[in-house]
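*Asks:* For reference, the sequence and a predicted model appear below.
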Amino acid sequence: MAWLNTDWENELNQVQDRINTILDEKVEPMLDRTVEKATTEITTVIAKAEFELRDNTNHFLTELAVQRQHMVAEIKGVIRYAAIAAFLVVVAAVLLIKFVGL
């Protein structure tokens, strides 16, 4: 048999009510502000990253187009050189045949 009987239910209900009040009035608004601020910062970071990615992609595509133009010009130069060299070989062969009588 218990020497002292105590009933803490009323006190525990008061503590629970106070905790719920603190959570509703203080913690929840603080969490809402924190989530809103984090969302804003994440949105800003994503927007900056998107801008940088688009900017880098545009620079890359521009440089690629310039490199392609240079390559086309160099290939045309090689083809001209080969055509001139082939023409000179043909002319030299014709001259050799004509003057040497091969």
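*Replies:* Happy to help now that I have it. Residues are numbered from 1 along each chain as shown.
*Asks:* Which is the succeeding secondary structure element to the worst-scoring helix or strand of the chain on mean pLDDT?
*Replies:* Ranked by mean pLDDT, DSSP states H and E, the weakest helix or strand in the chain is helix 9-22, scoring a mean of 88. Note on helix 9-22: by DSSP states H and E, the next helix or strand toward the C-terminus is helix 28-100.
*Asks:* and the least confident helix or strand of the chain, how far out from the chain's middle?
*Replies:* Here helix 9-22 is found 51 Å from its chain centre; the criterion is Cα atoms, centre = their mean, to the nearest Å.
*Asks:* May I see the buried residues of it?
*Replies:* Buried residues in helix 9-22, counted by 16 or more other Cβ atoms under 10 Å: none are found. For glycine as for every other residue, the C-beta is placed from the backbone atoms N, C-alpha and C.
*Asks:* Format the CA atom coordinates belonging to it as CSV.
*Replies:* Extracted in CSV, the C-alpha atoms of helix 9-22 (Å, rounded to 0.1, in the frame of the first residue of the first chain):
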residue,chain,number,x,y,z
GLU,A,9,-2.8,14.6,-14.3
ASN,A,10,-4.0,18.2,-13.9
GLU,A,11,-0.4,19.5,-13.7
LEU,A,12,0.7,17.4,-16.7
ASN,A,13,-2.3,18.7,-18.7
GLN,A,14,-1.2,22.3,-17.9
VAL,A,15,2.4,21.5,-19.0
GLN,A,16,1.1,20.0,-22.2
ASP,A,17,-1.1,23.0,-22.9
ARG,A,18,1.8,25.4,-22.3
ILE,A,19,4.1,23.4,-24.6
ASN,A,20,1.4,23.5,-27.3
THR,A,21,1.0,27.2,-26.8
ILE,A,22,4.8,27.8,-27.1
